[in-house]
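**Student:** got a predicted model here, sequence first, then my questions.
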Amino acid sequence: MTCKRFVIVNARVRSASLGEHEPVAACVCAAYSGYVPRIGKKPAPMLADYKALIREGVVYVLADGGAIAGVLVLKPVGDAALVENVAVYPSHQGSGLGRELMRFAEEFASEKGLREVSLYTNELMTENIAFYHKLGFREIDRRLDDGYRRVFMSKDLPEKA
């Protein structure tokens with residue numbers, strides 16, 4: 001059994017605890033560092049204050065036991081759940097953990113009675129844009145935002161019966 005398979009089978013998404021701010025930041029840094037040369041600067045998630053975000057209660061981790069393999073920053077904003085960040089350690093990318101985090105985001109939104117999941121990603125992160133399209137997200141805007149060229153996307157959720 002490979003490590004990737006083990007993580008997928010036994011991983012679960014849960015709220016991050018305050019003491020996990022450093023491992024959360026390390027996961028984000030590892031996931032996004034490859035984009036620095038392409039973008040020409042650190043992507044916004046690498047600059048976030050994860051201690052403050054965890055205190056705010058908006059950081060979730062995908063972990064197998066104590067090992068964090070993925071991070072999700074998720075906030076209710078209006079009628080949507082805003083995915084501010086999805087990060088998976090490079091060693092686990094392509095193993096379904098990103099899909100699991102996005103599934104969690106959709107369940108979170110549905111449980112809160114929200115109508116959609118929205119997100120943004122850097123325009124130069126073309127792999128992420130393709131990934132979100134595969135998950136059913138549609139592009140709604142492209143613009144300069146907070147010093148980054150961002151692509152804004154949204155996915156409507158089915159109405160509860």
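**Tutor:** It's in.

**Student:** for Lys41, phi and psi?
**Tutor:** When quoted as degrees, to the nearest 10, the phi and psi of Lys41 stand at phi -160, psi 170.

**Student:** which helix is the longest one in this structure?
**Tutor:** Across the chain, the longest stretch assigned as helix under DSSP state H is helix 97-111.

**Student:** mind listing what's buried along that helix?
**Tutor:** In terms of neighbour count (16 or more other Cβ atoms under 10 Å), helix 97-111 has its buried residues at Leu97, Gly98, Glu100, Leu101, Met102, Phe104, Ala105, Glu106, Phe108, Ala109, Ser110. All C-beta atoms are positioned from the backbone trio N, CA, C, and that covers glycine.

**Student:** in JSON lines, list those along with distance to Ser118 and pLDDT.
**Tutor:** Conversion of those to JSON lines gives the following (distance: Cβ to Cβ, whole Å; pLDDT from 0 to 100):
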{"residue": "Leu97", "distance to Ser118": "21", "pLDDT": "94"}
{"residue": "Gly98", "distance to Ser118": "17", "pLDDT": "94"}
{"residue": "Glu100", "distance to Ser118": "19", "pLDDT": "95"}
{"residue": "Leu101", "distance to Ser118": "15", "pLDDT": "97"}
{"residue": "Met102", "distance to Ser118": "12", "pLDDT": "97"}
{"residue": "Phe104", "distance to Ser118": "15", "pLDDT": "97"}
{"residue": "Ala105", "distance to Ser118": "10", "pLDDT": "97"}
{"residue": "Glu106", "distance to Ser118": "12", "pLDDT": "97"}
{"residue": "Phe108", "distance to Ser118": "13", "pLDDT": "96"}
{"residue": "Ala109", "distance to Ser118": "9", "pLDDT": "97"}
{"residue": "Ser110", "distance to Ser118": "14", "pLDDT": "95"}
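
**Student:** that older thread, for the longest helix of the chain, list the C-alpha coordinates in CSV.
**Tutor:** Extracted C-alpha coordinates of helix 97-111, given in CSV (Å, rounded to 0.1, in the frame of the first residue of the first chain):
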residue,chain,number,x,y,z
LEU,A,97,-7.1,15.0,-1.3
GLY,A,98,-8.0,18.2,-3.1
ARG,A,99,-11.3,16.7,-4.2
GLU,A,100,-11.9,15.6,-0.6
LEU,A,101,-11.3,19.1,0.7
MET,A,102,-13.6,20.6,-2.0
ARG,A,103,-16.3,18.0,-1.2
PHE,A,104,-16.0,19.1,2.4
ALA,A,105,-16.5,22.7,1.3
GLU,A,106,-19.7,21.8,-0.5
GLU,A,107,-21.0,19.8,2.5
PHE,A,108,-20.2,22.8,4.8
ALA,A,109,-22.1,25.2,2.5
SER,A,110,-25.0,22.9,2.2
GLU,A,111,-25.2,22.3,6.0
